[in-house]
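Q: sequence unavailable; structure follows:
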């Protein structure tokens, strides 16, 4: 039967994943579409009993839907709390004031605190489409947010979600702004700091465009999708945890903004600061160490950009009563040897177990960050934190604590190994003069990381190393022959990954 204006439509579950955008699918012959002027990309209010959402219309020509049916994306199902064959009504949504606020910013008017709060509330409630979110992010790009606007944006992102609290005055955390493959310091830092006795409730992200996020790598060892109650239980017993923040309602707007940022290839400084601080404040952290890798293919490329970041971060953090230390690290090449969840987990495990042949750059970064975190304690003198961190690591206390944290999160697992590998060797003798962070991470992703936990790239050399002809440079790891072949076919010239230069020795 053809649907008429006012007649209810039956829900049909199509199983379509639109990530975090609510989409409704209507047959193009549906009369309500014609009478209301709804075409593809229209925004409509969908109501089921007393629950309403706003969704984007997609129209269907095929027999997939009858004219009296409406399909909902999985995210729309979740927001609406719907069941198949239930009835819904469609109507025009009320005008959104937040769209006027975004429009004003496009024409260089300052955001107000209330305006930003409305925008973030509408983002979280699903009232803004990805196109609207893209407009908001673009309006914030190119350093167009003042420090006051960043503070207000951070507050808005915090209040639209849950906020954890802890009994200790010292609740520490660390964050790396990214851009460098490997660098999985969290798995070493958290057990060192927790073994000392400081509270460190670490919520981490999964990879969006990288070969592994911290949550992906920790998941090699133990479950990371914990509830707030489970997380609290682990922290209360072990002083620390490493869990996936996306499983909790902490700064939920951030999880909706970041995917759109990546599609736009935007990484605006103001938005980045609000993103990081809102997550940390929501997790209950009060003292933070920020790891900032610097290099040509890292997010921060030079000292001028670092100074700008430092001034903004410190002023915003201070206004929000957060203590922050910014630590500069080397971002000119990957940190550690592995790129991909299991390979990065292997590097961290070797350091925790105090093996002899470990990636020293990863170990040094972890000790530097852990030392700075320990120095937030009044019991640790300035300048002595790194040595204290190393003492805790060498004594085996960090490894023991890591095992306890894993057990608390659901049990320590063995690291998987990839069944398929391809080794690439040096075509000449010389010195490694360049390693491309972006291209090496891309190769690891083409091999199947992070979804395939054992996939990735294993590096045998570092920039500055001398190699001889035929010496192994790196290996691709894959969990299937097809993925290995696909990754290998993408390489072309090895010089796009790392560059060798002939030298006289």
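A: Ah, there it is. Since the model is a prediction, treat every value here as computed from it, not as a measurement.
Q: can you give me the strands in the stretch 101-250 of the chain?
A: 172-176, 200-204, 240-244 (DSSP state E, counting those that start in this stretch).
Q: specify the angle between the first one and strand 240-244 in degrees.
A: So that's strand 172-176. In terms of direction (axes from the mean of the first three to the mean of the last three Cα atoms, to 10 degrees), strand 172-176 departs from strand 240-244 by 40 degrees.
Q: longest single helix anywhere in the chain?
A: The longest helix of the chain (DSSP state H) is helix 303-319.
Q: for this protein, what helix or strand is lowest in average pLDDT?
A: Least confident element among the helices and strands of the chain, by mean pLDDT, DSSP states H and E: helix 31-36 (a mean of 84).
Q: and that helix, what's buried?
A: Buried residues in helix 31-36, defined by neighbour count with 16 or more other Cβ atoms under 10 Å: 32-33, 36. For glycine as for every other residue, the C-beta is placed from the backbone atoms N, C-alpha and C.
Q: so can I have JSON lines of these showing distance to residue 491?
A: Listed next are the buried residues of helix 31-36 as JSON lines, based on distance: Cβ to Cβ, whole Å:
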{"residue": "32", "distance to residue 491": "53"}
{"residue": "33", "distance to residue 491": "49"}
{"residue": "36", "distance to residue 491": "53"}
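Q: pLDDT of the longest helix of the chain, averaged?
A: Mean pLDDT, computed over helix 303-319, is 95.
Q: the following helix or strand past that helix pairs with which strands, and in what direction?
A: The helix or strand immediately downstream of helix 303-319 is strand 323-330, counting by DSSP states H and E. Strand pairing for strand 323-330, determined by DSSP bridges: strand 287-294 (parallel).
Q: list the neighbours of the biggest strand by length in the chain that are in contact with it.
A: Assignment by DSSP state E gives strand 51-60 as the longest strand of the chain. Strand 51-60 is contacted by residues 21-28, 33, 38-46, 71-73, 76, 79-81, 93, 125-127, 129 when judged by Cβ atoms under 8 Å, 6 or more residues apart in numbering.
Q: which other helices and strands contact the next helix or strand after that strand?
A: Using DSSP H and E, the helix or strand that follows strand 51-60 in sequence is strand 69-72. The contact analysis (3 or more Cβ pairs under 8 Å, 6 or more residues apart in numbering; DSSP states H and E) places strand 69-72 against strand 9-13, strand 23-27.
Q: deepest in the core, which of these is it.
A: Comparing these by mean neighbour count (mean count of other Cβ atoms under 10 Å), strand 23-27 comes out on top with a mean of 23.
Q: quick one: contacts of it?
A: By Cβ under 8 Å, 6+ apart, the surrounding residues in contact with strand 23-27 are 9, 14, 16, 32-33, 38, 44, 46, 55-61, 64-67, 69-73, 75-76, 90.
Q: can you pull the buried residues of stretch 225-235?
A: Buried-residue list, stretch 225-235, by 16+ other Cβ under 10 Å: 226, 230-232, 234-235.
Q: quick check, nearest of those residues to residue 108?
A: Checking the buried residues of stretch 225-235 against residue 108 by Cβ to Cβ gives residue 231 as the nearest, at 42.2 Å.
Q: what's the burial count for residue 42?
A: 18 (other Cβ atoms under 10 Å).
Q: and residue 363, by the same measure?
A: Other residues within reach of residue 363, judged by other Cβ under 10 Å, total 22.
Q: give me the pLDDT value at it.
A: 98.
Q: how about residue 3?
A: 44.
Q: and for residue 501?
A: pLDDT, read off for residue 501, is 95.
Q: ranges for the helices of the stretch 101-250 of the chain?
A: According to DSSP state H, counting those that start in this stretch, the stretch 101-250 of the chain carries its helices in the segments 113-125, 130-140, 147-159, 186-196, 214-221, 228-238.
Q: and for the stretch 401-505 of the chain?
A: Here the stretch 401-505 of the chain has its helices, by DSSP H, counting those that start in this stretch, at 437-446, 481-489.
Q: tell me which of those sits most buried.
A: Mean neighbour counts for those (mean count of other Cβ under 10 Å) peak at helix 437-446, with a mean of 23.
Q: which residues sit against that helix?
A: 179-181, 210-212, 295, 297-298, 331, 333-334, 339-340, 455-457, 459, 474, 476, 483, 486-487, 490-491, 496-498.
Q: which among the residues you listed count as buried?
A: 179-181, 210-212, 295, 297-298, 331, 333-334, 339-340, 455-457, 459, 474, 476, 483, 487, 496-498.
Q: and the spatially closest residue to residue 187 that is not a sequence neighbour, how far is that from residue 61?
A: Ranked by Cβ to Cβ, 6 or more residues apart in numbering and with sequence neighbours excluded, the top spatial neighbour of residue 187 is residue 348, at 4.0 Å. Distance, residue 348 to residue 61, using Cβ to Cβ, to the nearest Å: 52 Å.
Q: these two: which is more packed in?
A: Counting neighbours by other Cβ under 10 Å for residue 348 and for residue 61 shows that residue 348 has the greater number, 30 against 9.
Q: wait, that one sits on residue 362?
A: Yes - applying Cβ atoms under 8 Å as the test, residue 348 and residue 362 come out as touching, 7.5 Å apart.
Q: what residues do those two have in common as contacts?
A: By Cβ under 8 Å, 6+ apart, the residues touching both residue 348 and residue 362 are 184, 188, 336.
Q: mind listing what the residue lying closest to the second one once chain neighbours are set aside touches?
A: Leaving out its chain neighbours, the residue that sits closest to residue 188 by Cβ to Cβ, 6+ apart is residue 366, at 3.8 Å. The contact partners of residue 366, taken as Cβ under 8 Å, 6+ apart, are 185, 188-189, 192, 351, 389.
Q: one step back: mean pLDDT and distance to residue 308 added to the helices of the stretch 101-250 of the chain, as a markdown table?
A: Below are these laid out as a markdown table (pLDDT from 0 to 100; distance: least, Cβ to Cβ, whole Å):
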| stretch | mean pLDDT | distance to residue 308 |
| --- | --- | --- |
| helix 113-125 | 97 | 22 |
| helix 130-140 | 96 | 16 |
| helix 147-159 | 98 | 12 |
| helix 186-196 | 99 | 26 |
| helix 214-221 | 97 | 26 |
| helix 228-238 | 97 | 34 |
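Q: need the ones you listed in TSV (columns: distance to residue 406).
A: Converted to TSV, the helices of the stretch 101-250 of the chain look like this (distance: least, Cβ to Cβ, whole Å):
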stretch	distance to residue 406
helix 113-125	32
helix 130-140	36
helix 147-159	29
helix 186-196	9
helix 214-221	5
helix 228-238	10
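Q: residue 380 is nearest to which of those helices?
A: helix 186-196 (8.3 Å).
Q: mind giving me the packing neighbours of the closest one?
A: strand 172-176, strand 200-204, helix 214-221, strand 240-244, helix 341-352, helix 360-374, helix 385-394, helix 397-409.
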